[in-house]
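Trainee: Whatever this is, show me its structure:
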Amino acid sequence: MGIRRTTFALFCAVAVAAVLAGDLSAASPKERLKEKQAQASAVLAQVNALDQRFEASVEAWNGARYELTVTRKKLAVDRARLHTAERDRQVAVARLARRVRAIYENGDQPTTLGILLGSTSMSEVLDRINDADTVAAADKELATQTTAARNRYSRIARETAAVAERRQVALTQRTRERRRIASMLDERKRLLASVQSEVVKLQAEERARQALLAAQARARLAAEQAAARRAAQEAAARQAAEARARAQAQKAAAATTTAPAAPTTTDSAPPPETTTTTAPTDTQPTTPASPVSGGHPEAAAIALRYLGVPYLWGGASPAGFDCSGLVMYVYAQIGIALPHYAAAQYQVGTAVARDQLQPGDLVFFDGLAHVGIYIGGGDVVHAPKTGDVVKISPISEWGNGYVGARRI
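Mentor: As a prediction, this is how the structure comes out:
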């Protein structure tokens, strides 16, 4: 019954694998990789379970073979004893038969008269009679005992033969079971090898995709940083021009208020009224409003250096990162100390709306159980989970698991 259930389960697994193979053709490379990894994990679990069953079946087969060997050895001994007992019985029976024939045919058995006539005393008579009876009784007893021994060893040999037959049947069953499990195990291992080869191929495709995403992210960050530098330079140039214009206006206004009155050339003419107009001046220069902080885009560029580093629970170095360890390590390189705890990192900095995200912002997911660094284009760099590596993923991958963002 257990084998039937296992066979049915394996059939279902193969069917599911076939369905998955059909569905994966329309999935994205990342989804296909995830599905194939899940399939590989499931098949590996089946292989491990079958390995345990196969080992148990091999040991059961070894046990059945050992018991059969022991029983066969015992049967050989029993049959040898039976053969000896049969031979002894035949000898005893033949001896008894000869004794009987001698008594009734040849008169070898001494008669009472013969014993009396051949004896010199009553004591000798009694001794000769006892000796004759003893010999006859001994021959009969020997025949009886050897026959009983033969019967006993015959029974033992039959019982041992029956045990050997049962153990032969058990060994045959164990052999069939071992072969059946071995066949299933071989089939699962072939499937596992096939799935793993596909996983390797998909992993190579994922690495290529990650490399492309990283190149695009670096180009985008470089362009954004260049644009930010140009904007800063243009803003500085505008501020300098405005400062020069204000300085010139102030200089012109000062010159107008200190200029002397023009001399008159006609004595009779009354001196004209001179009205001096002083140009208004602003003696306090206007300070432009400080722009909203753009965070630390350099953190995004630094985070891209660690793509491919394996996930390590509690890790916070290039030897291995967990999610908050990666964030902590990246920000430490720009002089900002953060706690090694995503929920505590969420308490640092200021909140940022999702549509206002800038490279370097921290983005949080899954009830603050996960954190990554935004790199623009809707993507984050993060350390996902055990068995994975630091990689680029779209925020949309988390769906409703998105919690919020902070700008340090």
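Trainee: Tell me the first helix or strand C-terminal of the helix or strand that contains Gln196.
Mentor: Assigned by DSSP states H and E, Gln196 falls within helix 122-257. Next helix or strand after helix 122-257 toward the C-terminus (DSSP H and E): helix 297-303.
Trainee: quick one, domains of this protein?
Mentor: Annotated domains of the chain cover 2-205, 296-408 [automatic domain parsing].
Trainee: Ala249 is nearest to which of these?
Mentor: Set against Ala249 and scored by CB to CB, these come closest in domain 296-408, at 37.7 Å. (Each C-beta comes from the backbone N, C-alpha and C, glycine too.)
Trainee: Any idea how far apart the tips of that closest one sit?
Mentor: Separation of the first and last residues of domain 296-408 by CA to CA, to the nearest Å is 7 Å.
Trainee: Check the offset of that domain from the chain's centre.
Mentor: 25 Å (CA atoms, centre = their mean, to the nearest Å).
Trainee: Now that domain: average pLDDT?
Mentor: Averaging pLDDT along domain 296-408 yields 95.
Trainee: can you check stretch 98-108 too?
Mentor: On average, stretch 98-108 scores 60.
Trainee: about what we covered before: so which of the domains of the chain is the most surrounded?
Mentor: domain 296-408 (a mean of 18; mean count of other CB atoms under 10 Å).
Trainee: Next, Gln52: phi, psi?
Mentor: phi -60, psi -40 (degrees, to the nearest 10).
Trainee: can you check Ile373 too?
Mentor: When read as degrees, to the nearest 10, the backbone of Ile373 gives phi -110, psi 120.
Trainee: you'd agree it is up against Leu357?
Mentor: No - using CB atoms under 8 Å, Ile373 is not in contact with Leu357; the gap is 10.8 Å.
Trainee: ok, now how distant is Val163 from Lys73?
Mentor: Look at Val163 and Lys73: by CB to CB, to the nearest Å, they are 12 Å apart.
Trainee: number of nearby residues for Ala247?
Mentor: Using other CB atoms under 10 Å, the number of residues around Ala247 comes to 11.
Trainee: if I look at it, how far off is Ala254?
Mentor: In terms of CB to CB, Ala247 sits 11 Å off from Ala254.
Trainee: how about Ala337, phi and psi?
Mentor: Note on Ala337: backbone dihedrals following degrees, to the nearest 10 are phi -90, psi 130.
Trainee: Does anything pack onto the helix holding Gln196? Which helices or strands?
Mentor: Secondary-structure packing of helix 122-257 (3 or more CB pairs under 8 Å, 6 or more residues apart in numbering; DSSP states H and E): helix 2-24, helix 29-101, helix 112-117, helix 297-303, strand 370-376, strand 391-394.
Trainee: and Ala241, which of these is closest to it?
Mentor: helix 297-303 (27.6 Å).
Trainee: Each with direction, which strands does the helix or strand following the closest one pair with?
Mentor: The helix or strand immediately downstream of helix 297-303 is strand 316-317, counting by DSSP H and E. Applying DSSP bridges to the sheet, strand 316-317 is found paired with strand 320-321 (antiparallel).
Trainee: Name the residues that touch the strand it pairs with?
Mentor: Contacts of strand 320-321 with the rest of the structure, by CB atoms under 8 Å, 6 or more residues apart in numbering, involve Tyr306, Val309, Pro310, Tyr311, Leu312, Gly315, Tyr329, Ala383, Val390.
Trainee: change it to 10 Å
Mentor: Residues outside strand 320-321 that contact it (CB atoms under 10 Å, 6 or more residues apart in numbering): 306, 309-315, 326-330, 382-383, 389-390.
Trainee: State the next helix or strand along the chain beyond that strand.
Mentor: Following strand 320-321 in sequence, per DSSP H and E, is helix 323-332.
Trainee: What is the next helix or strand after that following helix packed up against?
Mentor: Next in sequence after helix 323-332, counting helices and strands by DSSP H and E, comes helix 342-345. Secondary-structure packing of helix 342-345 (3 or more CB pairs under 10 Å, 6 or more residues apart in numbering; DSSP states H and E): helix 323-332, strand 362-365, strand 370-376, strand 402-407.
Trainee: and the longest one with strand 370-376, angle?
Mentor: When axes from the mean of the first three to the mean of the last three CA atoms, to 10 degrees is applied, the directions of helix 323-332 and strand 370-376 differ by 50 degrees.
Trainee: ok, back up a step: spit out the residues that contact Ile373 and Leu357 alike.
Mentor: What both Ile373 and Leu357 touch, as defined by CB under 10 Å, 6+ apart, is the set Val363, Val380.
Trainee: Can I get the helices and strands packed on helix 342-345 in a markdown table including distance to Glu224?
Mentor: Shown next, in a markdown table, are these (distance: least, CB to CB, whole Å):
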| stretch | distance to Glu224 |
| --- | --- |
| helix 323-332 | 18 |
| strand 362-365 | 17 |
| strand 370-376 | 7 |
| strand 402-407 | 15 |
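Trainee: for these, which one sits closest to Ala235?
Mentor: So among those, strand 402-407 is nearest, using CB to CB, at 20.6 Å.
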